[in-house]
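# got a predicted model here, sequence first, then my questions.
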Amino acid sequence: MFTDAPSEQRVAQPAAEAARPPRRRRSAAKAVGLVAALALLVVVAMTSIAVGAKPLAMGQVWHGLFADTGTYGDVVVGERLSRTVLGLLAGAALGLAGAVLQALTRNPLADPGLLGINAGASAAVVTAITFFGVTSLGGYVWFAFAGAMVVGALVWFLGGSRGATPVRLALAGMAIAAALQGYLQALMILDEAALGRMRFWTVGSLGAASWQSIGQVLPFIAVGTVLALALARPLNAMEMGDDTARALGAHLNRTRALSMLAATLLCGAATAACGPIVFVGLMVPHVVRSFTGPDLRWILPYATVLSPVLLLGADVIGRVVVRPSELQVGIVTAVIGGPLFIFLVRRRRTAQL
């Protein structure tokens, strides 16, 4: 007897299509997840305003936000509000920059420190303190941002400029970061005064947040965010290889240059405002990729929303665990992020770039 093979194939094909989740359903699920992430961010932000060395009731928080009369509770709410806003901006900038750099270098373990941007900002601030006597946060911001921009341009130049590749960019960034770390250690050992003024800034903290510093970094974060989100499609094409990206019409050199610019703007502004904070730009995009897949059109928005959740959550923990004192948020993210990241990597559930 002869088997009707075409008929069997026609029967099997609809069954396979029915078993495969429709693309529209997956996109709807991701959109719902993004809305849930936004709701979680609102809850964490309100917790950041309400919780601290002195707990406040939600009625006091509401009064301080919308009916400020200058009472002690209202003043505390105002200070925490600026701190929370800075945490939102810095967290979003670090997460978004980390996602862009992971796509640019095709390395799922890349973070803002890989290309030396954080080291450049730190080195500039130490130089300003040691040689120019800068002691105010407003002065730190501009020196830190200038250092990040210089290092970003230098990495792009050493990585080959128009001939830059992910490997060259990563190697150039690692070399510059190592050299700057040696410079930092030398200055801070030789100048005890600089060491005393820098010890809190170098671990990362939101404690010195002010509306002035927020206003200084906000334009750079806004431009970097818009630029990074606009690069989602060309970066998606580049993940499939340079030849395929060219065939799809992507401009490789322009995409790499703009990606470097976006990451430098975001990392430089965040580091300038609150110091180098580790693991946020590394861990959040890595985790996000486990449930969004490699599509940057979803990774970038999710990383922008969930990174502030991690940063503000760590800041709240730092304010609670050692009351009435405070543990800097950079220390908390490192303590929490290290073991958690190792656990996630060992599960091997994250998608590769």
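Yep, it's here. Here the structure is a predicted model, which is why all the values come from computation and not from measurement. Residues are numbered from 1 along each chain as shown.
# so where's the stretch 251-353 of the chain uncertain?
For the stretch 251-353 of the chain, the stretches flagged by pLDDT under 70 are 341, 344-353.
# quick one, helices of it?
Using DSSP state H, counting those that start in this stretch, the helices of the stretch 251-353 of the chain run over 252-274, 280-292, 296-320, 329-347.
# between those helices, which one is nearest to residue 66?
Among the helices of the stretch 251-353 of the chain, the nearest to residue 66 by CB to CB is helix 296-320 (20.7 Å). Just so you know, the C-beta spots here come from the backbone N, C-alpha and C atoms, and that holds for glycine as well.
# do you know which of the helices of the stretch 251-353 of the chain lies nearest residue 78?
Smallest distance to residue 78 across these (CB to CB): 16.1 Å, for helix 296-320.
# give me the pLDDT for residue 224.
pLDDT recorded at residue 224 is 94.
# what's the burial count for it?
Residue 224: 26 surrounding residues under other CB atoms under 10 Å.
# now it: closest residue in space, sequence neighbours ignored.
Among residues not flanking residue 224 along the chain, residue 265 sits closest, at 3.3 Å (CB to CB, 6 or more residues apart in numbering).
# and what of residue 169?
residue 159 (4.1 Å).
# roughly how far does that neighbour sit from residue 237?
Taking CB to CB, to the nearest Å as the measure, residue 159 falls 20 Å from residue 237.
# and what of residue 82?
Counting by CB to CB - residue 82 and residue 237 are separated by 40 Å.
# and residue 57, by the same measure?
From residue 57 to residue 237 the distance is 52 Å (CB to CB).
# so between the two, which is more surrounded?
More crowded of residue 57 and residue 237, by other CB under 10 Å: residue 237, with 20 against 10.
# wait, that one touches residue 245, no?
Yes: because the distance of 4.2 Å satisfies CB atoms under 8 Å, residue 237 is recorded as touching residue 245.
# any idea how far the residue nearest to residue 169 is from residue 279?
Separation of residue 159 from residue 279 (CB to CB): 25 Å.
# neighbour-wise, which of those two wins?
Legend: neighbour count by other CB under 10 Å for residue 159 and residue 279, higher for residue 279 (25 against 21).
# not counting its neighbours along the chain, what's nearest the more buried one?
Per CB to CB, 6+ apart, closest to residue 279 is residue 337, 3.2 Å.
# what about the stretch 101-250 of the chain, any weak spots by pLDDT?
Along the stretch 101-250 of the chain, the model assigns pLDDT under 70 to residues 109, 137, 161-166, 193-201.
# can you pull out the helices in it?
117-132, 137-158, 166-190, 192-198, 211-230, 232-239, 242-247.
# out of the ones you listed, which is closest to residue 36?
Nearest to residue 36, of all those, is helix 211-230, at 19.9 Å by CB to CB.
# helix 252-274 and the closest one, what's the angle between them?
Relative orientation of helix 211-230 and helix 252-274, computed by axes from the mean of the first three to the mean of the last three CA atoms, to 10 degrees: 160 degrees.
# give me the buried positions along helix 211-230.
Buried positions in helix 211-230, judged by neighbour count with 16 or more other CB atoms under 10 Å: 213, 214, 216, 217, 218, 220, 221, 224, 225, 227, 228, 229.
# where does the residue nearest to the spatial centre of the chain land in three-state SS?
Nearest residue to the geometric centre of the chain (CA atoms, centre = their mean): residue 94, 1.7 Å. Secondary structure assignment for residue 94 (DSSP: H, G, I helix; E, B strand; the rest coil): helix.
# I figured it hits residue 112, correct?
Yes: between residue 94 and residue 112 there is a contact under CB under 8 Å: 6.3 Å.
# overlap in contacts of these two?
266, 267, 281 (CB atoms under 8 Å, 6 or more residues apart in numbering).
# wait, what's in contact with the second one?
Contacts were defined as CB under 8 Å, 6+ apart; by that measure residue 267 touches 93, 94, 97, 112, 117, 118, 121, 148, 281.
# recalculate using a threshold of 10 Å.
93-94, 96-98, 100-101, 111-113, 115-118, 120-121, 145, 148, 151-152, 224, 276, 281 (CB atoms under 10 Å, 6 or more residues apart in numbering).
# and for residue 229?
96, 100, 262, 296, 297, 300, 301, 304.
# what angle separates the helix or strand hosting the second one from helix 280-292?
Here residue 100, judged by DSSP states H and E, is contained in helix 72-105. Relative orientation of helix 72-105 and helix 280-292, computed by the same axes, to 10 degrees: 70 degrees.
# does residue 296 really touch residue 304, like I thought?
No: using CB atoms under 10 Å, residue 296 is not in contact with residue 304, being 11.7 Å away.
# looking at these two, which is more packed in?
When residue 296 and residue 304 are compared for neighbours, residue 296 comes out ahead with 28 against 25, by other CB under 10 Å.
# how close does the nearest residue to that one once chain neighbours are set aside sit to residue 336?
Using CB to CB, 6+ apart and skipping the chain neighbours, the partner closest in space to residue 296 is residue 232 (4.3 Å). Distance, residue 232 to residue 336, by CB to CB: 29 Å.
# check residue 76 too.
Taken as CB to CB, the span from residue 76 to residue 336 is 26 Å.
# check residue 31 too.
Plainly put, residue 31 is 29 Å away from residue 336 if you go by CB to CB.
# with neighbour numbers in mind, choose between these two.
Counted by other CB under 10 Å, residue 31 and residue 336 do not tie: residue 336 has more neighbours, with 16 against 12.
# so who does residue 245 touch?
234, 235, 236, 237, 238, 239, 251, 252, 255.
# can you report how many residues neighbour the first one?
If you count neighbours by other CB under 10 Å, residue 234 ends up with 22.
# I'm done for today, thanks for sticking with me.
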